[in-house]
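Novice: got a predicted model here, sequence first, then my questions.
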Amino acid sequence: MCIAGLRAAIKLSGQKRSWVRTEKQMSAAFKKVYSHSEELIPRTYCAGRATQREDLQPDTSLLGLVWPSGILNPLDEKMKATVAKIIEANTVAGGGLLRYPGDVYCGGVREGWVTLTGAGAWPLLSFWMSVYSCLCGDRGNAERHFDWPLEKIDNHLPEQIFADKSKSSVSALLWSHAMFVIAARFLGHI
């Protein structure tokens, strides 16, 4: 996302040399991350650290490499393999998406402290996967990911949807609604 932001800033600013140089350095660093030996795109890359390995945990936020950043083509082979792993590992409750396996962020606060009792499915991520599926030309999956959160809510889109109905989430949440509008536009609903 930083690369995409810097590219936009360069386009708007008139090609500041230091920004162009930084964008080229960042893009070269991403190529190293992308070209490592694994078939998946790592969530975290640990170049030159012998004691650490790449974090290949499938993180749904990696969809940002395709949209809105445009860093990768949606049909890029590593991206497609990464998305397949994301869907396999992060799908819950009949179709919702977690950020990553084992995510504990639940959005709750008790006595001024964040509670970390386990994440639910994020409508934002379902809508993001809908956008990705649209970009791949997969209308069926785009509609399925778009519809899943809508089938689970009463009125407003929350931050998360929990299988355990006793857990609640922040609702309404602007970024969930914003992604709903974006996905609806990709699907041609608006």
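Specialist: Happy to help now that I have it.
Novice: need phi/psi at L97.
Specialist: Main-chain torsions, L97, degrees, to the nearest 10: phi -120, psi 130.
Novice: now do the same contact list for it.
Specialist: By CB atoms under 8 Å, 6 or more residues apart in numbering, the contact set of L97 is T60, I86, I87, N90, T91, A121, W122, L125, S126, M129, H145. All C-beta spots, glycine's among them, are computed from the backbone N, C-alpha and C.
Novice: 7 Å - rerun?
Specialist: T60, N90, T91, A121, W122, L125, S126, M129 (CB atoms under 7 Å, 6 or more residues apart in numbering).
Novice: what helix or strand is P149 on?
Specialist: helix 139-152 (DSSP states H and E).
Novice: name the helices or strands packed onto that helix?
Specialist: helix 123-135 (3 or more CB pairs under 7 Å, 6 or more residues apart in numbering; DSSP states H and E).
Novice: relative to helix 139-152, how tilted is the helix it packs on?
Specialist: 160 degrees (axes from the mean of the first three to the mean of the last three CA atoms, to 10 degrees).
Novice: just checking, what packs against helix 123-135?
Specialist: Helix 123-135 packs on strand 96-97, helix 139-152, helix 174-186, going by 3+ CB pairs under 7 Å, 6+ apart.
Novice: nearest residue to K16 in space, please, no chain neighbours.
Specialist: I10 (6.8 Å; CB to CB, 6 or more residues apart in numbering).
Novice: turn the helices and strands packed on helix 123-135 into TSV, including distance to G14 and mean pLDDT.
Specialist: What follows is those, written out as TSV (distance: least, CB to CB, whole Å; pLDDT from 0 to 100):
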stretch	distance to G14	mean pLDDT
strand 96-97	40	96
helix 139-152	38	97
helix 174-186	29	96
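Novice: between the ones you listed, which one is nearest to V109?
Specialist: helix 174-186 (18.0 Å; CB to CB).
Novice: if we can go back for a sec, export the helices and strands packed on helix 123-135 to JSON lines and tack on distance to K24?
Specialist: Formatted as JSON lines, these follow (distance: least, CB to CB, whole Å):
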{"stretch": "strand 96-97", "distance to K24": "34"}
{"stretch": "helix 139-152", "distance to K24": "34"}
{"stretch": "helix 174-186", "distance to K24": "30"}
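Novice: give me every residue that touches L173.
Specialist: L157, P158, E159.
Novice: what's the pLDDT at it?
Specialist: Note on L173: pLDDT of 84.
Novice: ramachandran coordinates for it?
Specialist: According to degrees, to the nearest 10, L173 has phi -120, psi 120.
Novice: tell me where this structure has strands.
Specialist: 91-92, 96-97, 108-110, 113-115 (DSSP state E).
Novice: out of the ones you listed, nearest to I71?
Specialist: strand 96-97 (20.5 Å).
Novice: partners of that closest one in the sheet?
Specialist: Strand 96-97 pairs in its sheet with strand 91-92 (antiparallel), by DSSP bridges.
Novice: what's in contact with the helix holding P149?
Specialist: With CB under 7 Å, 6+ apart as the criterion, helix 139-152 contacts 95-96, 123, 126-127, 129-130, 133-134, 157, 161, 183, 187.
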